[in-house]
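>>> just the structure for this:
(one chain, ligands or ions: 1)
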Amino acid sequence: MIIDTHAHIHPGRDGLGAKHDASVEAFLAELDRSPLDLAVLLPIEPLIPNAFVFEAARRRPGRIRCHGSVDPRRGDACWEDFEQLAAEHPIVGLKLHPRRQGVTKAHWPVLKGLTDRAAAHDLPVLVDSFPHGKGALRDDSLELIEALSEAVPKAKLIIAHMGGIRILEALILARTSYRIYLDLSLILKVYKGSHIEQDIFYAIRRIGADRCLYGSDHPDVPLNESYESMRRELDGRGFTETEQDWIFGRTAQQVLRLNGEGAG
Ligand SMILES: [Zn+2]
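Numbering: from 1, shown residues only. Predicted coordinates for the structure are as follows:
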């Protein structure tokens with residue numbers, strides 16, 4: 001089974017940047033001509049509403065699943081938002097985007113409460129971790145994940161984009177708990193040709209394929225382009241068929257509990 005665990009759509013075609021087509025139609029067209037068995041869509045409340053991605057998922061039953069999102073700026077009220085989401089929709093995890101959701105340290109107790117609730121539902125928390133744009137050098141998303149892991153040891157936590165330029169720190173963090181996973185989306189395209197490219201595959205080997213989740217970050221990297229380049233790199237670097245089976249699907253099946261039914 002081939003699973004892309006990290007893809008986005010947006011209500012506006014250029015809602016994720018003028019260079020990319022983030023529309024539902026473009027995503028579905030890519031999906032239809034891809035070898036993917038399943039793609040996972042990520043809402044980011046309030047920018048990319050849950051209802052919008054759930055609706056898109058219904059257009060390809062069985063082939064799209066969705067994370068859920070809540071707005072941490074709503075404070076404790078977002079705990080109930082999450083409970084309602086988990087009760088009413090077959091979400092596969094909780095997506096947090098500290099940068100796009102304007103999260104500060106003041107929100108950490110709220111995020112700890114959310115992580116408690118996600119863990120109670122055995123749902124992973126996927127935290128965007130890609131220092132970028134204004135304030136990039138003050139990015140503390142890995143410190144947030146470390147704090148959540150220490151406060152809620154049973155929570156499953158996913159470091160999106162392998163921590164970006166902080167990839168080796170992400171690896172150190174992932175090695176502190178068997179319940180921390182690396183999401184491989186976006187990073188290969190961004191750092192191709194730099195020393196980080198080598199670090200990506202070093203980190204996968206070091207942590208093990210059963211702790212890695214393949215993803216594209218569509219539309220930043222289109223579904224097919226991303227899949228083909230990651231497959232090519234893993235083949236070229238001698239990753240076995242079994243290792244690739246984990247990276248491209250088995251890890252996701254376990255962590256996101258993808259064996260059940262549901263559109264989103
Ligand atoms: Zn993303």
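>>> show me where the stretch 101-250 of the chain has its strands.
For the stretch 101-250 of the chain, the strands defined by DSSP state E, counting those that start in this stretch cover 125-127, 157-159, 180-183, 212-213.
>>> format those strands as a markdown table; extra columns: mean pLDDT, distance to residue 54 and mean neighbour count.
For every residue, glycine as well, the C-beta is placed using N, CA and C. Shown next, in a markdown table, are the strands of the stretch 101-250 of the chain (pLDDT from 0 to 100; distance: least, CB to CB, whole Å; neighbours: other CB atoms under 10 Å):
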| stretch | mean pLDDT | distance to residue 54 | mean neighbour count |
| --- | --- | --- | --- |
| strand 125-127 | 98 | 17 | 26 |
| strand 157-159 | 98 | 20 | 28 |
| strand 180-183 | 98 | 21 | 26 |
| strand 212-213 | 98 | 21 | 26 |
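>>> using TSV, lay out the ones you listed together with distance to residue 77.
Converted to TSV, the strands of the stretch 101-250 of the chain look like this (distance: least, CB to CB, whole Å):
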stretch	distance to residue 77
strand 125-127	18
strand 157-159	23
strand 180-183	28
strand 212-213	30
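>>> so which of the ones you listed gets nearest residue 174?
strand 180-183 (4.5 Å; CB to CB).
>>> got a list of contacts for that closest one?
Strand 180-183 is contacted from outside by 5-6, 124, 126, 145, 149, 156-163, 170-171, 173-174, 203-204, 207, 211-213, 215, 251, 255, using CB atoms under 8 Å, 6 or more residues apart in numbering.
>>> same check, this time on stretch 72-91
50, 54, 65-68, 70-71, 94, 96, 101-103, 107, 110-111, 113-114, 117-118, 121, 123, 260-264.
>>> kindly report the same for stretch 172-179.
142, 145-146, 149, 153-157, 159, 163, 180-182, 206-207, 211.
>>> just the ones of those in helices?
For those, membership in helices holds for 142, 145-146, 149, 206-207, with DSSP state H as the criterion.
>>> which of these count as buried?
142, 145-146, 149, 207 (16 or more other CB atoms under 10 Å).
>>> what ranges do the helices span in the stretch 1-150 of the chain?
Along the stretch 1-150 of the chain, the stretches classed as helices by DSSP state H, counting those that start in this stretch are 24-32, 50-57, 77-88, 108-120, 141-151.
>>> what's the neighbour count on residue 88?
When counting by other CB atoms under 10 Å, one arrives at 11 neighbours for residue 88.
>>> next: the one 10 residues further on.
Burial of residue 98, expressed as a neighbour count using other CB under 10 Å, amounts to 20.
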